[in-house]
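Asks: fold the following and give me the result.
(chains A and B)
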2 protein chains.
Amino acid sequence: MESSSSLLPNRVAVLGPGLLGGSILLAARARLPGVALAVWSHDPAERAEVQRRALADGVHAELSAAVRDADLVILCTPVGVMAKLAGELAPHLAAGAVVTDVGSVKTPVVRALTPLFLDAATGHSRFVGGHPMAGRELAGLGAARDDLFAHAVCLLTPEADTAPVAVARVGAFWQALGVARVETLAAAEHDETVALVSHLPHLLAAALLETVAGARTDALARSGPGLRDVTRPAAGASELWTEILSLNRTAVTSALRAFSAQLARLRPCLEPGGEPALADFLRDAAARRRELPAPTK
Amino acid sequence: MESSSSLLPNRVAVLGPGLLGGSILLAARARLPGVALAVWSHDPAERAEVQRRALADGVHAELSAAVRDADLVILCTPVGVMAKLAGELAPHLAAGAVVTDVGSVKTPVVRALTPLFLDAATGHSRFVGGHPMAGRELAGLGAARDDLFAHAVCLLTPEADTAPVAVARVGAFWQALGVARVETLAAAEHDETVALVSHLPHLLAAALLETVAGARTDALARSGPGLRDVTRPAAGASELWTEILSLNRTAVTSALRAFSAQLARLRPCLEPGGEPALADFLRDAAARRRELPAPTK
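Replies: Prediction:
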């Protein structure tokens, strides 16, 4: 059994320094000062910002240059381009290097990327699907924070043929970045989980805003902090979210169906005489909310 | 036309120093230092806390003693007890004193209280329904903040027979406490508005938590900040909310129906080929969210 510090990387490549990639850079700088950081971005302005803020030791427009020396490569791009990028970087990867990602949907990513990093000798893949359960409604490097992952649970979704040492190394890296907990689960289970706790809330937030605007446009400007909190996810980038929701459509549709069943349970509670049932429903929900992980701050 | 400063009260009585009543006391202390503050509470522990923290000049267990010298009386109790309290305090009110409240539902409050404060000479009532669109998921005096109303819109719901000067005085008071804006609208319009921007979100938050717990209990502990934000209203006191939602059942039921219609619009967007429609839906919602008032901080 390797010790946790020997599991830590020496040279990390972050591909796509947006909100998550940028936060990884910031957290790694703060908590893993000895680790060399390389960045790849297709966007000259993003590369310039990484350089200007000295967020990495090397900033590259060439994928091969960014990953060549890395022992841990982290894909932080939109999920839709990961398979293409992975195919391009695979030939340039150092022996023993581990690859992971931070995408919000795991089944399609894991299915496409696991075979790309198969080690012929061992039959094991060096790719580990990952997803830190953290984020903000703001996107881009400018919104990155060194404490974005504090209190977050990081979910890893290894397959049967994923190298155990790769899982251990990705887990150790996230622990070192300060997450509250690393858990492994099957990609399908991950996708069901995020359909419920992230994708469904996103749809509800959007549907709520459309409901208010459709019923009384003036109500939006008169709303209080409640509507603001509840609709925060809907401020996210619509292109990214269209991709995420579509890639996870089966689990999302089933979560939406389960939600409609709960609304159907609620309706009679609002009729005269339904107060005790309504109070039970609300009390139950309040108790459930106390089971949620603590906020970042 | 009286100037705004002559509209301001000299002696305010706050009945029920919980989250809202306590925040009024704190904001008044900070922004209206010359104004005398009296408090009534039925709860000895609450009275002791007001005394200990010196939040008011007088703390009373007797309603008559609290309101006798006041020129502005603010009911900050649960909506269900307001009519009873108002009936008890009316005989003790000074001539010309104005009465208002902060309840989340206005039609039943305004209907019950307006006639209790009718001035026989003028035919005008000195009661003005009010509702600052501010709050927290925490209840009680301990959660009160002097900046709770900063950036909030305060809604007033005068009736045809409400004294215009009473409306002006209540509005001037809220302006002085630092709200972003005071608006008047009909009680029924207010109740439709809060059904959409506050009561519906509360139900959705509760239904979302029940959905997640029902589908995968383990998902709650794995959730990120999104679920926490979206479900914040569901942490509210279930008894208070049962009362509020039941008192506003007509508007809430109709808001719920409108929401279900939006979900029905969303469902085909999740099917293969629905991406452009989904992107439109999400883009629209993101634009709506930008119309919301700025956060308190």
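
Asks: three-state assignment of residue A:77?
Replies: At residue A:77 the chain is in coil, as set by DSSP: H, G, I helix; E, B strand; the rest coil.

Asks: quick one, what contacts the residue lying closest to it once chain neighbours are set aside?
Replies: Take residue A:77 and drop its neighbours on the chain: the residue closest to it by C-beta to C-beta, 6 or more residues apart in numbering or on different chains is residue A:16, 3.7 Å away. Just so you know, the C-beta spots here come from the backbone N, C-alpha and C atoms, and that holds for glycine as well. Counting by C-beta atoms under 8 Å, 6 or more residues apart in numbering or on different chains, residue A:16 touches A:40, A:41, A:75, A:76, A:77, A:78.

Asks: list just the nearest of the residues you listed to residue A:142.
Replies: residue A:41 (13.7 Å; C-beta to C-beta).

Asks: now the nearest residue to the closest one once chain neighbours are set aside: which helix or strand?
Replies: Leaving aside its chain neighbours, residue A:41 sits nearest to residue A:47 (4.9 Å; criterion: C-beta to C-beta, 6+ apart). Assigned by DSSP states H and E, residue A:47 belongs to helix A:44-52.

Asks: now do the contacts for residue A:30.
Replies: Per C-beta under 8 Å, 6+ apart, neighbours of residue A:30: residue A:146.

Asks: give me the three-state assignment for it.
Replies: The three-state label given to residue A:30 by three-state DSSP is helix.

Asks: before we move on, back to that, next, the buried residues of the helix holding residue A:47.
Replies: A:46, A:47, A:49, A:50 (16 or more other C-beta atoms under 10 Å in any protein chain shown).

Asks: and what of stretch A:242-255?
Replies: A:242, A:243, A:244, A:245, A:246, A:247, A:248, A:249, A:251, A:252, A:253, A:255.

Asks: that's a helix at the first one, yeah?
Replies: What that stands for is residue A:242. Yes: using three-state DSSP, the assignment for residue A:242 is a helix.

Asks: now it, nearest residue through space, not along the chain?
Replies: residue B:279 (4.3 Å).

Asks: before we move on, back to that, residues contacting whatever helix or strand comes next after the helix holding residue A:47, please?
Replies: Note on helix A:44-52: by DSSP H and E, the next helix or strand toward the C-terminus is strand A:58-60. Identification of contacts with strand A:58-60 by C-beta under 8 Å, 6+ apart yields A:36, A:37, A:38, A:39, A:40, A:41, A:47, A:50, A:51, A:65, A:66.

Asks: change it to 10 Å
Replies: A:11, A:13, A:15, A:17, A:36-41, A:46-52, A:65-70 (C-beta atoms under 10 Å, 6 or more residues apart in numbering or on different chains).

Asks: which elements pack onto the helix or strand following that strand?
Replies: Using DSSP H and E, the helix or strand that follows strand A:58-60 towards the C-terminus is helix A:63-67. Packing contacts for helix A:63-67, counted by 3 or more C-beta pairs under 10 Å, 6 or more residues apart in numbering or on different chains; DSSP states H and E, involve strand A:11-15, strand A:36-40, strand A:58-60, strand A:72-75, helix A:82-89.

Asks: buried sites along the fourth one?
Replies: It refers to strand A:72-75. Quick answer for strand A:72-75 (16+ other C-beta under 10 Å): A:72, A:73, A:74, A:75.

Asks: the last one bridge partners, please.
Replies: With DSSP bridges applied, residue A:75 shows beta-bridge pairing to residue A:15, residue A:101.

Asks: residues in contact with it?
Replies: A:13-16, A:21, A:40, A:81-83, A:85-86, A:89, A:99-103, A:109, A:113, A:127, A:129-130.

Asks: tell me the pLDDT at the closest residue to residue A:254 other than its chain neighbours?
Replies: Nearest residue to residue A:254, sequence neighbours excluded (C-beta to C-beta, 6+ apart): residue A:195, at 7.1 Å. We note a pLDDT of 97 for residue A:195 in this prediction.

Asks: repeat for residue A:235
Replies: 89.

Asks: does the residue nearest to residue A:242 sit in a helix or strand, and which one?
Replies: Per DSSP H and E: helix B:275-289 holds residue B:279.

Asks: quick one: buried residues of that helix?
Replies: So for helix B:275-289, counting by 16+ other C-beta under 10 Å, buried means B:275, B:277, B:278, B:279, B:281, B:282, B:283, B:284, B:285, B:286, B:288, B:289.

Asks: the third one and residue A:199 touch, don't they?
Replies: No: contact criterion C-beta atoms under 10 Å: residue B:278 and residue A:199 do not qualify, at 11.6 Å.

Asks: quickly list what residue A:40 is bridged to.
Replies: Here residue A:40, judged by DSSP bridges, has bridge partners residue A:15, residue A:60.

Asks: do you know how far it is from residue A:33?
Replies: Distance of residue A:40 to residue A:33, computed by C-beta to C-beta, to the nearest Å: 22 Å.

Asks: neighbour-wise, which of these two wins?
Replies: Using other C-beta atoms under 10 Å in any protein chain shown, the more surrounded residue of residue A:40 and residue A:33 is residue A:40, with 31 against 7.

Asks: just the pLDDT at that one, thanks.
Replies: At residue A:40, pLDDT is 98.

Asks: what's the answer for residue A:224, then?
Replies: The predicted local confidence for residue A:224 is 84.

Asks: residue B:140 versus the residue nearest to it when sequence neighbours are not counted, what's the distance?
Replies: In space, and not counting its chain neighbours, residue A:224 is closest to residue B:133: 3.5 Å by C-beta to C-beta, 6+ apart. From residue B:133 across to residue B:140, the span is 20 Å (C-beta to C-beta).

Asks: look at those two and report which has more neighbours.
Replies: Taking other C-beta under 10 Å, residue B:133 and residue B:140 do not tie; residue B:133 has more neighbours (27 against 13).

Asks: the more buried one reaches residue B:156, doesn't it?
Replies: No: using C-beta under 10 Å, residue B:133 is not in contact with residue B:156, being 11.6 Å away.

Asks: go ahead and confirm residue A:14 touches residue A:57.
Replies: No: with contacts counted by C-beta under 10 Å, residue A:14 stays clear of residue A:57, the gap being 11.2 Å.

Asks: so those two - more neighbours on which side?
Replies: residue A:14 (29 against 13).

Asks: tell me who's in contact with the more buried one.
Replies: So residue A:14 contacts A:20-25, A:28, A:37-41, A:50, A:55-56, A:66, A:70, A:72-76, A:102 (C-beta under 10 Å, 6+ apart).

Asks: ramachandran coordinates for residue A:131?
Replies: phi -160, psi 100 (degrees, to the nearest 10).

Asks: how much space between it and residue A:79?
Replies: In terms of C-beta to C-beta, residue A:131 sits 10 Å off from residue A:79.

Asks: and if you look at residue A:186?
Replies: Counting by C-beta to C-beta - residue A:186 and residue A:79 are separated by 18 Å.

Asks: so these two - more neighbours on which side?
Replies: residue A:79 (21 against 16).

Asks: pretty sure the more buried one is touching residue A:110, no?
Replies: No: if you go by C-beta under 10 Å, residue A:79 and residue A:110 don't touch, sitting 11.0 Å apart.
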